[in-house]
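Student: Coordinates only, no sequence provided:
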């Protein structure tokens, strides 16, 4: 257990200094179960795991608000937490590539409705949508290096990294976002 903790700490430190990848052969016949994407908001990392849960790569990421709490409603610039799936991929005119996730899903709607019922958010609030993983404006990779949270709730990484993820990850891949 100590060795695992040390490895996780080391990977976190390496990820803070940019991407750290091992040589890895991407399977030719990938399906939605070939990978899992784990996004840790407090560590500002996106970690790619293979089907067995083994680490493949870590990428630095940023979010919307400096408040890294769970998304409450449309317009709060927070990134949702939970388990999602990739539902689409497209080239994006502003942010290089866009990998869409299925927010809001049933879990998100349930949390949203509960928060409304408890008066935590206004009764007229909307849940929002169009959350995904994307790149940055051209020549603005520095926003990732400086950990500048700038999105409307999406996850953003450097353009080279989003291109790599775009090519690797199939539709249906599980994306877990945690604090």
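Tutor: Perfect, I can see it now. Note that the coordinates shown come from a computational prediction; the quantities given were computed from them, not determined experimentally.

Student: Tell me which stretches of this structure form helices.
Tutor: Ranges of helices in the chain, per DSSP state H, are 2-16, 106-117, 142-145, 159-168.

Student: and the longest strand that the chain contains, how far from the chain's centre?
Tutor: Secondary structure of the chain per DSSP state E: the longest strand is strand 82-92. With C-alpha atoms, centre = their mean, to the nearest Å as the basis, strand 82-92 stands 10 Å off its chain's centre.

Student: partners of it in the sheet?
Tutor: Using DSSP bridges, strand 82-92 pairs in its sheet with strand 96-101 (antiparallel), strand 174-178 (antiparallel).

Student: Dump those strands into TSV; add mean pLDDT as well.
Tutor: Formatted as TSV, these follow (pLDDT from 0 to 100):
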stretch	mean pLDDT
strand 96-101	97
strand 174-178	98
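
Student: Distance to residue 129 and mean neighbour count added to those strands, as JSON lines?
Tutor: C-beta coordinates here come from the backbone N, C-alpha and C atoms, glycine included. Shown next, in JSON lines, are these (distance: least, C-beta to C-beta, whole Å; neighbours: other C-beta atoms under 10 Å):
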{"stretch": "strand 96-101", "distance to residue 129": "10", "mean neighbour count": "22"}
{"stretch": "strand 174-178", "distance to residue 129": "15", "mean neighbour count": "19"}
